[in-house]
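Novice: My questions are about this predicted structure, shown below with the sequence.
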Amino acid sequence: MLPDFPASKRKYKDWADELVRLIFKVEAPVIALLKKVKQHEGKLFAYERERGEMIEPSYTTATSEIEVHISEAPNMTPEKLIEKLKAVAKDLAKQQEEPLFETLTSLSEESGTVVKGSGEPLNPDLLIEVLEKLDIDFDHKTGQPRMPTIVVSPQLNIEEKLKEWEADKKAKIKYQTLIEKKRQEWRDRESNRKLVD
């Protein structure tokens, strides 16, 4: 009988699992931001939209495999194993992010919050049009806006563009006007909220 090392196996499995989780967060940063909820039993879940509509989505499975052939074992270095684990994390990220963005696109189209650039490069007017369609909340203590998370392609170099737009006086005035409008909308929402008895 060959010797077995359960403690060592468990240690390496935990290490591999943690590495896949860390790489997954890099590969799927939007999903990494989302709140996670563990469902301990049952196969169904539902939620209610603001308009009172009940939604009962179904779970989807994301799986990936790692294979190490016997011929690879003698030359398997930690670096080669890490590359295989990276491939697993990337595969899982793709399987989970694609349906998320499909759902977000569908919901955005349904709610009328889609802004079509019609081939225009991203500019301050388009960004303000996007923000115009969203509810923006404000910090009760500081009065500062709690800006929503906006997901854009990395190729857009959004950080550089935001710096340019901050220096543009016209864009800055439009933005400040929008923020004041959103502040008033927020105040109206807050004053119309029903408080629990």
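Specialist: Happy to help now that I have it.

Novice: Can you pull up the most central residue in the protein?
Specialist: What sits nearest the mean C-alpha location of the chain, by C-alpha atoms, centre = their mean, is residue 30, with 1.8 Å.

Novice: helix, strand or coil for that residue?
Specialist: Going by DSSP: H, G, I helix; E, B strand; the rest coil, the secondary structure assigned to residue 30 is helix.

Novice: doesn't residue 97 make contact with it?
Specialist: Yes - with contact defined as C-beta atoms under 8 Å, residue 30 counts as touching residue 97 (6.5 Å). Any C-beta I mention is one placed from the backbone N, CA and C, and that applies to glycine too.

Novice: quick one on the thing from earlier: residues touching the residue nearest to the centre of the chain, list them.
Specialist: Shown in contact with residue 30 (C-beta atoms under 8 Å, 6 or more residues apart in numbering): 97, 100, 101, 149, 151.

Novice: Would you mind confirming that residue 76 is in contact with residue 67?
Specialist: No - taking C-beta under 8 Å as the definition, residue 76 is not a contact partner of residue 67, at 11.6 Å.

Novice: Could you list the buried residues of the longest helix seen in the chain?
Specialist: Taking DSSP state H as the criterion, the chain has its longest helix at helix 78-111. Neighbour counts using 16 or more other C-beta atoms under 10 Å place 81, 85, 86, 88, 89, 90, 91, 92, 93, 96, 97 of helix 78-111 among the buried residues.

Novice: same check, this time on stretch 140-157
Specialist: Buried residues in stretch 140-157 (16+ other C-beta under 10 Å): residue 145.
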